[in-house]
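Undergrad: Dropping a prediction and its sequence here:
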Amino acid sequence: MQFKIKLIAAIGALMLTQGCKEDFLDRPPVDALTSGNFYKTDEEIMAGTAPLYNIVWFDFNDKANMSFQEARAGNLNSNDRTAYIKHAIPSTDANTLLPGYKSFYKIIAQSNNAYKAIKEATGSTASSAVKNQGLGECRFMRGVAYYYLVANWGAVPIVYDNVAQINQAPVRNKIEDVWKLIIHDFRYAAATLPATAVQGRLTKYSAEGMLARMYLMRAGLNQNGTRNQSDLDSAKYFAEDVITKSGLTLAPTYSELFLSANNNSSKNNQESLFALQWMPLSNPWGINNSFQAYFAYESAITTTGDGWGAAQGVSADLVKYFTENPADSLRRKAIGMFDSDVYPEINKAGGGLRYNRPAALSAIKKYIVGSPADNGGLGGFMAANINSYMLRLAEVYLIYADAALGNAATTTDAKALGYVNAVRKRAGLAERTSLTFEQIFQERRIETVFEGNSWNEIVRWYYFNPAKAMAYTAAQHKENYTMTYVAGSTNPKKYTVTYSTAEFYPLTASTLYLPFPEAEIVNAPSLKNEPVAFDFSKIVD
């Protein structure tokens, strides 16, 4: 609750920095929050970095996340996102592409601003521990933003100092250098963040979990069919450190991860390493989680005037997976609504929600939590009372297994199997006795679907084996379908699914990365130039 109060209190101050120039950096004005008037006490530092947990992420979460990550990865069927599903995104897309791109530079700009202000605060009475925590939060958030940028656009401009670079034409930096910066930022965060923190705040284990993810992904970059062993070893090391020392544990059930009561700004889930901390308020705008507004299939679910997701749902490819793997029903029911499913936590006053739309898509269930009445009176218009996971312990389990597999075709490594089977056991699935890359990849896809990392996983595969990554996307079914429950069937329930003519939209080398928004190219034609090396002597820790 303390974090929640500080977060709300800090929003007004941060909003002073939002009236920025409409250029690609979206830099905040340098006279808003400066070392001269803020960041001088423990309380000011914690208040000043609190908005990095939600308002700066709003534009990404609002529309870009599901387009960039889930539509492109073959998990989403959406009339509003067909260009992303078909890998045919126009550079003129001002509704999703442009604000999505700019959102990451907002995060970077605010992280840089706060970092510089904490470093340079005059007359500061803040403790060294809180200073380090604030600095670590800034570098962590910058690292996450660059992770999304490099996975979605490849070579992008590195902005390390808003003031020093304000009059410089942006230049794209080489992919290898963007990755070097990302690793550097997370290592800095791991060294400066505390081992434990106020509920919802980052810890050193949040940073180590991200390091495990980053090293595993970078391991395949420019490796021509193999993966760099040093990066694999680092991924394995940091994953195990998180698993054995963080004190976090897997939630007993998968479904409880996505119930409001277990994952909100006042109570984060026991396996959450990093989650965006949304407030159940519509005002001030930007601190709210708008996900449910777009993906709840009818307004009766939310009762707040939104619920616009009737034409959106789980992809045909995911439906095929779940119907062909009926044992994965516990995760399936928490991910997507199939005909005849009942959800007692939604519409509690009416005895629960029964999904009965046989002529429609399977609606998304993950992060759909119902009305304020279903959630202790909390929530509002486009403001569901639930956090957005960015990294969970279960994913770190699977990262360890992938790193342990390394470049082998299969592994029977006992720890790797133990971690994978812990995730599978919670899902009600049989244990595996050996593991392949494809098996771990699929496990991670299903476990974390709609949590904002699906496309990045495909890019990770593409890094070291483009042919297989493209073949994987080429086999994904993206057509429409209808579904009807087979009356009387139980354990497992059965469905009659009618698919329209099969549709496939494979990834190609030319569509791996999103186009730079045309508006940004107009403002900064230098973005069309070839990437250049970054001078790391400019980075001052």
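TA: Structure's in. What do you need?

Undergrad: And the pLDDT for the nearest residue to Thr448 once chain neighbours are set aside?
TA: Among residues not flanking Thr448 along the chain, Glu395 sits closest, at 5.6 Å (C-beta to C-beta, 6 or more residues apart in numbering). The way it works is simple: take the backbone N, C-alpha and C, and place the C-beta from them, glycine included. Listed pLDDT for Glu395 reads 98.

Undergrad: Kindly report the same for Val540.
TA: Checking the pLDDT column for Val540, the value is 83.

Undergrad: For it, give its distance to Asn112.
TA: 12 Å (C-beta to C-beta, to the nearest Å).

Undergrad: Looking at these two, which one has more neighbours?
TA: Asn112 (24 against 8; other C-beta atoms under 10 Å).

Undergrad: Can you spell out which residues form a bridge with Phe274?
TA: With DSSP bridges applied, Phe274 shows beta-bridge pairing to Leu391.

Undergrad: Now do the contacts for it.
TA: Val144, Leu202, Ser206, Gly209, Met210, Tyr389, Met390, Leu391 (C-beta atoms under 8 Å, 6 or more residues apart in numbering).

Undergrad: Spatially nearest residue to Val369 (excluding sequence neighbours)?
TA: That would be Ser260: by C-beta to C-beta, 6+ apart, it lies 4.2 Å from Val369.

Undergrad: nope, Asn289 is what I meant
TA: Trp278 (3.7 Å).

Undergrad: what's the answer for Glu271, then?
TA: Going by C-beta to C-beta, 6+ apart, Glu271 has Leu393 as its nearest residue, at 3.8 Å.

Undergrad: Tally up the residues packed near that neighbour, please.
TA: The burial count for Leu393: 24, using other C-beta under 10 Å.

Undergrad: Now do it against Arg460, distance only.
TA: 19 Å.

Undergrad: Repeat that for Pro506.
TA: Taken as C-beta to C-beta, the span from Pro506 to Arg460 is 17 Å.

Undergrad: which of those two has more neighbours?
TA: Neighbours were counted for Pro506 and for Arg460 using other C-beta under 10 Å; Arg460 has more, 24 against 16.

Undergrad: For that one, give me phi and psi.
TA: phi -60, psi -40 (degrees, to the nearest 10).

Undergrad: Go ahead and confirm it touches Leu221.
TA: No: applying C-beta atoms under 8 Å, one finds Arg460 not in contact with Leu221, separated by 9.1 Å.

Undergrad: wait, the residue nearest to Asn289 sits on Met382?
TA: No: counting by C-beta under 8 Å, Trp278 stays clear of Met382, with 10.6 Å between them.

Undergrad: which residues do the two both contact?
TA: With C-beta under 8 Å, 6+ apart, Trp278 and Met382 have common neighbours Asn288.

Undergrad: what about these two, which has more around it?
TA: Trp278 (28 against 20).

Undergrad: And the strands in the stretch 351-500 of the chain?
TA: 353-354, 363-364, 388-392, 481-485, 495-499 (DSSP state E, counting those that start in this stretch).

Undergrad: Of these, which is nearest Thr433?
TA: strand 388-392 (25.2 Å; C-beta to C-beta).

Undergrad: So which elements touch that closest one?
TA: Applying 3 or more C-beta pairs under 8 Å, 6 or more residues apart in numbering; DSSP states H and E, one finds that strand 388-392 contacts helix 204-218, strand 272-276.

Undergrad: Could you say which of these is packed most deeply?
TA: Sort the helices and strands packed on strand 388-392 by mean neighbour count, taking mean count of other C-beta atoms under 10 Å, and helix 204-218 sits at the top with a mean of 26.

Undergrad: Following element in sequence after that one, please.
TA: Going down the chain from helix 204-218, the next helix or strand is helix 229-245, by DSSP states H and E.

Undergrad: Quick check: mean pLDDT of that following helix?
TA: On average, helix 229-245 scores 98.

Undergrad: Next, the angle strand 272-276 makes with that helix.
TA: 100 degrees (axes from the mean of the first three to the mean of the last three C-alpha atoms, to 10 degrees).

Undergrad: picking that back up, quick one: closest of the strands of the stretch 351-500 of the chain to Val163.
TA: Across these, closest to Val163 is strand 388-392 (C-beta to C-beta), at 28.4 Å.

Undergrad: Also compute the angle for the closest one relative to helix 229-245, please.
TA: 110 degrees.

Undergrad: what ranges of the chain fall below the confidence cut-off?
TA: 1-36 (pLDDT under 70).

Undergrad: same thing but at 50, please
TA: Counting by pLDDT under 50, the chain contains low-confidence ranges at 1, 5, 8-9, 11-35.

Undergrad: for it, longest helix please?
TA: The single longest helix within the chain, with elements called by DSSP state H, is helix 128-153.

Undergrad: Need the contact partners of the helix or strand following it.
TA: Per DSSP H and E, the first helix or strand lying C-terminal to helix 128-153 is helix 175-192. The contact list for helix 175-192 (C-beta under 8 Å, 6+ apart) reads 132-133, 135-137, 139-140, 142-143, 146-147, 149-150, 154-156, 158, 160, 202, 204, 206-208, 210-211, 214-215, 218, 221-222, 238, 531, 533-534, 536, 539, 541.

Undergrad: rerun that using 6 Å as the cut-off
TA: Contact partners of helix 175-192, identified using C-beta atoms under 6 Å, 6 or more residues apart in numbering, comprise 132, 135-136, 139-140, 142-143, 146-147, 150, 154-155, 158, 204, 207-208, 210-211, 214, 218, 534, 541.

Undergrad: Check stretch 51-59 too.
TA: 10, 14, 99, 103, 106-107, 110, 141, 276-278, 286-287.

Undergrad: do stretch 236-244 as well
TA: Against stretch 236-244 from outside (C-beta under 6 Å, 6+ apart): Tyr205, Glu208, Gly209, Leu211, Ala212, Val396, Ile399, Tyr400, Ala403, Ala404.

Undergrad: Isn't the residue nearest to Glu271 up against Thr249?
TA: No: taking contacts as C-beta atoms under 6 Å, Leu393 lies outside contact range of Thr249: 7.2 Å.

Undergrad: do you know which of the strands of the stretch 351-500 of the chain lies nearest Thr125?
TA: Closest among those, using C-beta to C-beta: strand 388-392, at 32.4 Å.
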